[in-house]
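Engineer: Here is a sequence with its predicted model. Questions after.
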Amino acid sequence: MEPPAITRHRRPFLAPLWVILLAALAIGVLAFGLYRSATTTVVFLVQPLEKEPGTIADAPVSPEGEERAQRLAHMFGDTGGVGRVDAVYVSDDRRALQTGAPLLERLHRAPVVFSPADARAAADRAVREHSGGTVLMVASGSSLAQMVQELAGAQLPAGAQDDPDLVCVVSVPSFGRAHLVHFRY
C-alpha cells in the first residue's frame, strides 16, 4: 500500500515578508517621485522706474530711470546658468514696458504683457507656467500689492507701494507656504 498523498497546500513561510518588502518599495518609489516633483518658483517683483516730469498721464521713464533700467538688466540679464530669468511679465503701461525693455533686449525675449486689472491672474499664470523657474514681473504699486497678496498671502509694508527702489522676492514652493522678502536696490 502507498502512503496517503499530502492534500493540503502549504503557504510559503516568507510570503508576509515579501508583501511587506513590496509595500515598502512602492512607498519608496512614491516618496522619490514626490521629492523629484517638489520645485520652488522664484518671482521677483519690481516697480516701474521714475517718470519724466510732465503733464501727460502715462509719462515716459526719466533719464535716471533709464540708467536704473540698465542696472536691472545687468542684475537679471544672464542668459544661462543658475540665476537666469525664465520669463519677464510686464504691465501694459509705458513706464513698465520701458523698465523691462533693456532686460528683454539682453535676454532676446518677448515680454508677457498683462493689464493692471489682471494682476492676480498674471501672478497665478507665472507660477503655473514657469514652475520651478525664475520670473521677473514689472508692475505698478497697486498691481504689485495684489501680486504679493496672491503669491505670498502677505501685505506690503506701508508706503512700499510708491517706492520705485523696492524689489520683492517671493519663493513659491509646490508644497508648503510661500515666503516674501523685500529689499531696495
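Structural biologist: Ah, there it is.
Engineer: hey, which helix or strand in this protein has the poorest pLDDT?
Structural biologist: helix 63-76 (a mean of 83; mean pLDDT, DSSP states H and E).
Engineer: Run through who's touching that one.
Structural biologist: Helix 63-76 is touched from outside by 44, 46, 48-52, 61, 83, 85, 95, 98-103, 105-106, 136, 164, 185, with contacts defined as C-beta atoms under 8 Å, 6 or more residues apart in numbering. Where you see a C-beta, it was placed from the backbone N, CA and C, and this is true even at glycine.
Engineer: May I have it as CSV, with CA atoms only?
Structural biologist: In CSV, the C-alpha atoms belonging to helix 63-76 read as follows (Å, rounded to 0.1, in the frame of the first residue of the first chain):
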residue,chain,number,x,y,z
PRO,A,63,16.9,109.6,-17.7
GLU,A,64,17.7,108.4,-14.1
GLY,A,65,15.1,105.7,-14.6
GLU,A,66,16.7,104.6,-17.9
GLU,A,67,20.0,104.2,-16.0
ARG,A,68,18.3,102.1,-13.4
ALA,A,69,16.6,100.0,-16.1
GLN,A,70,20.1,99.3,-17.4
ARG,A,71,21.2,98.3,-13.9
LEU,A,72,18.2,96.0,-13.7
ALA,A,73,19.1,94.4,-17.0
HIS,A,74,22.7,93.9,-15.7
MET,A,75,21.3,92.3,-12.5
PHE,A,76,19.0,89.8,-14.2
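Engineer: Would you indicate which residues of it are buried?
Structural biologist: Within helix 63-76, the residues scored as buried using 16 or more other C-beta atoms under 10 Å are 65-66, 68-69, 72-73, 75-76.
Engineer: For the helix or strand following it, name the packing helices and strands.
Structural biologist: As assigned by DSSP states H and E, the chain's next helix or strand after helix 63-76 is strand 87-91. The contact analysis (3 or more C-beta pairs under 8 Å, 6 or more residues apart in numbering; DSSP states H and E) places strand 87-91 against helix 94-107, strand 112-114, helix 119-129, strand 134-138.
Engineer: what's strand 87-91 in contact with?
Structural biologist: Against strand 87-91 from outside (C-beta under 8 Å, 6+ apart): 48, 96-97, 99-100, 103-104, 107, 109, 111-116, 119, 122, 126, 129-130, 133, 135-140, 143.
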